[in-house]
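>>> just to be clear, the model below is a prediction. Sequence and coordinates:
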Number of protein chains: 2
Amino acid sequence: MKLYSYFRSSASYRVRIALNLKGLPYEYAAVHLLRSGGEQLTPEYRRICADGIVPSLVDDGAVLQQSLAIIEYLEETHPNPPLLPSAPLDRAYVRAIALQVACEIHPLNNLRVLKYLKHELQVADDAKDAWYKHWVKNGFDTLESTLAGDSRTGSFVYGDTPTMADLALIPQVFNAQRFNVDMQPYPTIRRIYDEAMRHDAFVRASPAEQPDAE
Amino acid sequence: MKLYSYFRSSASYRVRIALNLKGLPYEYAAVHLLRSGGEQLTPEYRRICADGIVPSLVDDGAVLQQSLAIIEYLEETHPNPPLLPSAPLDRAYVRAIALQVACEIHPLNNLRVLKYLKHELQVADDAKDAWYKHWVKNGFDTLESTLAGDSRTGSFVYGDTPTMADLALIPQVFNAQRFNVDMQPYPTIRRIYDEAMRHDAFVRASPAEQPDAE
């Protein structure tokens, strides 16, 4: 398998954790989102991913896109260790947490949105920073209250082994810390993050460990 | 089952189509996103959904959130008719299209984001309108080129029966039309939308047919 990835991309980071947890070796193809006006927008990469976003996973010649669709694919084709529980209600819970990060927080704060705020809308840096923090805080407030109050929460989001929910949450925490979001109000999220950082599959997937890290 | 829904909410619309396609009857609980400062933010609704967003589906006392997680749950618990193909690569393709709408277009254009642009960032109406159209155009450009070029495209996104991808796409097209996005550049998307509008499950799920329609 070959993963087109950018070291700081949260969505790429999710897939890297999944590949590591499943024990699947892969070739790393760096796509630099800032260099040359964005390598994800070159005709070469657009032939792989029309949307010009990372990650893309190539498996046996087929190109897969959208991190959560890729993770579901890895789960279906390499079921062990599982990244989803077995009962439908629990699977829905884990997926909902992953989607809460992937649909309610991350899309508002990725590079192309921050660029649009700055260039097209001429939003000043401090207001752009407030925008970033607003959506993270909004999402983390809900997540913290959900995780602190649900009996299914263990050392990870669901029980004591990582699921798809952790694959979405951990990169978002990393990203929030990079943007100096105050994590004090989120003890449960911090605890889960600290646990993940003791786990080899998460550490090896982290931005600093990637070949294109700066 | 009971669905907390707002007639114009794209995410609610997705779940309504799924319930109709699966032939599952449900009670409709209207949550008005504009009335009383947003009924989704009242303590009553927050007890059902901490995040204060629609839809929420209550099944047998359990509360499910996030439209795509709800649809996966319905697919697992009521597999017929299927909303996903059977082969993992095709399932990944259908999920990726659904996620492209749910992660790359919709989150940037929902009510709370447009409100933040207007109130916190003091963005003028024409610039807010341009923002909306920018993200829809960005997403639809990619989708049109994907759908026009993929041999799996039929009268629906994948073959000739609706899948999860159509459940995400159709409400987004409805929403885009409401905001006067020029749909001329998207003949494949328009064709699929027209096909869906001939399908009873889609028509009954459409905003105008809901009890809270205005």
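Now that the structure is in, tell me what you want to look at.
>>> now do the lengthiest helix in chain A: which elements does it pack against?
Longest helix in chain A, counting residues (DSSP state H): helix A:125-149. Here helix A:125-149 touches helix A:111-119, helix A:164-178, helix A:187-196, going by 3 or more Cβ pairs under 8 Å, 6 or more residues apart in numbering or on different chains; DSSP states H and E. All C-beta atoms are positioned from the backbone trio N, CA, C, and that covers glycine.
>>> how about a markdown table for these, with mean pLDDT, distance to residue B:72 and mean neighbour count added?
A markdown table is the format used below for the helices and strands packed on helix A:125-149 (pLDDT from 0 to 100; distance: least, Cβ to Cβ, whole Å; neighbours: other Cβ atoms under 10 Å in any protein chain shown):
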| stretch | mean pLDDT | distance to residue B:72 | mean neighbour count |
| --- | --- | --- | --- |
| helix A:111-119 | 94 | 26 | 16 |
| helix A:164-178 | 97 | 11 | 24 |
| helix A:187-196 | 98 | 23 | 18 |
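>>> those helices: which one's closest to chain B?
Closest approach to chain B among the helices and strands packed on helix A:125-149 (Cβ to the nearest Cβ): helix A:111-119, 6.7 Å.
>>> residues in contact with the closest one: which ones?
Helix A:111-119 has contacts (Cβ atoms under 8 Å, 6 or more residues apart in numbering or on different chains) with A:33-34, A:107, A:123, A:125, A:127-128, A:131-132, B:108, B:121, B:131, B:134.
>>> can you turn the buried part of these into a ChimeraX selection?
Applying 16 or more other Cβ atoms under 10 Å in any protein chain shown to the contacts of helix A:111-119 leaves a buried subset, and the ChimeraX line that selects it is:
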select /A:33,107,123,127,128,131,132 /B:108,121,131
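>>> tell me which element residue A:181 is part of?
Following DSSP states H and E, one finds residue A:181 outside all helices and strands.
>>> can you tell me which residues contact it?
Taking Cβ under 8 Å, 6+ apart as the test, what residue A:181 contacts is A:132-133, A:136-137, A:140.
>>> that one and chain B, how far apart?
From residue A:181 across to chain B, the span is 17 Å (Cβ to the nearest Cβ, to the nearest Å).
>>> next: residue A:161.
Taking Cβ to the nearest Cβ as the measure, residue A:161 falls 20 Å from chain B.
>>> how about that residue, secondary structure?
Recorded secondary structure, residue A:161: coil (DSSP: H, G, I helix; E, B strand; the rest coil).
>>> ok, and the closest non-adjacent residue to it?
residue A:81 (6.9 Å; Cβ to Cβ, 6 or more residues apart in numbering or on different chains).
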